[in-house]
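**Student:** got a sequence here, can you model it:
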Amino acid sequence: MKIVIAMDSFKGCMTSLEAGNAAKDGAKRVFPEAEILVRPMADGGEGTVEALTPGLGGVICTAKVQGPLGREVDCRYGIVEQEKLGIIEMAGAAGITLITPKERNPMAASTYGAGQVILEAVKAGCRRFLMGIGGSATNDGGLGMLRAFGYEFVCEEGNLAQKASDLDRIVEIRREKVVPELEECVFRVACDVTNPLCGPSGASAVFGPQKGATPEMIRQLDLGLEHFAEVTRRFYPAADAAAPGTGAAGGLGFVFLAYTNAVLEPGIRIVLEETRLEDDIAQADMVITGEGRLDGQSVMGKAPVGVAGLAKKYGKKVLAFSGSVAEEARACNKAGIDAYFPILREVVTLEEAMEKERAQKNMRDAVEQAMRLL
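**Tutor:** I've put the predicted structure just below:
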């Protein structure tokens, strides 16, 4: 028997590989001779660096960069040297969790640190990038990231634009100091939203409030992004502010499409392709997946359903295990998961349930019992 295990992380509890290896141990109790392959899994959001880098044979590095409000932060990113691949989550440099709720201010928050991390990976030889752009604290249209790359944005007064509040005054883009190696780079950007850059469903209106934007800020930010897009089109005629996903991460999606060789794709699609999971699933007898909580959101591009969809392409049975299960998780059955199981064994507090050793034991025990049905 050959079993492929591809678990998403149980956030705050087990990494992807820790959960997968615990499931493997449980299956081995019943099928000691089985060939069991544990593969890293994520959906392109939080935890992608930690999940994919070791699983792809890479190393996790740390860069000291500017956080969203200029304070130095340590941003972890992955490098897979043989693939010349950099794995980066922009939230590690410009994420909303890096500042307190009282500090949230999208007029001032910058993506400069995200650009710094990318350049660190470029210097290390990376030319392909897997970028996660969820969880941002920013609404600067990627201005900060481009500044880190060497772009200069001249305002009508003659000074250089620094933050989101300057976007509506930009009149010229200077490219003389841009790092030349960026022309060789290709970016696969994990983007699971379809919002355009501007307007009532754009970056500022939809995501601005959670980043601290007041109604007046939203109006100013939206006008600023609209103006920035117009100036960008003079230099990059193919730039399209109405394209789906351009409003992601406060306009970072727009900048990747307009200024770099990039594509925006669902995160799970990128991860499945980069890990080459399909090759393993095609030869498997069974697939095991899971995440911390299975609910109605699990069918909206989350890792377990992505794995299940791939497995059903080859007619494989799929079992899923999770820390907890919501009533609406029944939708997962229609999405390809044949049966799912919560791993909790007794009534405990949330804190107790999320203790790593307890969770790993629960995973081993739950998988063992499910395997006994076979």
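
**Student:** in this protein, what helix or strand scores lowest on average pLDDT?
**Tutor:** None of the helices or strands of the chain scores lower by mean pLDDT, DSSP states H and E than helix 48-55, at a mean of 87.

**Student:** other residues contacting the helix or strand following that helix?
**Tutor:** Going down the chain from helix 48-55, the next helix or strand is strand 59-66, by DSSP states H and E. Strand 59-66 is contacted from outside by 49-50, 53-54, 72-79, 81, 93, 110, 112-114, 116-117, 120, 124, using Cβ atoms under 8 Å, 6 or more residues apart in numbering. Every C-beta, even on glycine, is put in place using the N, C-alpha and C of the backbone.

**Student:** just the strands in the stretch 101-250 of the chain please.
**Tutor:** Along the stretch 101-250 of the chain, counting by DSSP state E, counting those that start in this stretch, strands occupy 128-132, 152-155, 170-174, 186-190.

**Student:** pick the most deeply packed of these.
**Tutor:** Scoring those by mean neighbour count under mean count of other Cβ atoms under 10 Å gives strand 128-132 as the most buried, with a mean of 25.

**Student:** looking at this protein, name the residue that lies furthest from the middle.
**Tutor:** Relative to the C-alpha centroid of the chain, counting by Cα atoms, centre = their mean, residue 157 is the outermost residue, at 37.7 Å.

**Student:** distance check, the residue nearest to it when sequence neighbours are not counted against residue 40.
**Tutor:** Of all residues not flanking residue 157 in the chain, residue 169 sits nearest, at 7.1 Å (Cβ to Cβ, 6 or more residues apart in numbering). Going from residue 169 to residue 40 by Cβ to Cβ, to the nearest Å gives 45 Å.

**Student:** where in the stretch 101-250 of the chain is pLDDT low?
**Tutor:** Applying pLDDT under 70 to the stretch 101-250 of the chain flags no residue at all.

**Student:** how much space between the residue lying closest to residue 80 once chain neighbours are set aside and residue 65?
**Tutor:** Sequence neighbours aside, residue 58 is the residue nearest to residue 80 in space, at 3.6 Å (criterion: Cβ to Cβ, 6+ apart). Here the criterion is Cβ to Cβ. By it, residue 58 lies 19 Å from residue 65.

**Student:** ok, the most centrally placed residue in the chain - contacts?
**Tutor:** Geometric centre of the chain, nearest residue: residue 45, 2.5 Å, by Cα atoms, centre = their mean. Shown here is residue 45, whose contacts under the criterion Cβ under 8 Å, 6+ apart are 89, 132, 134-135, 190, 192, 267.
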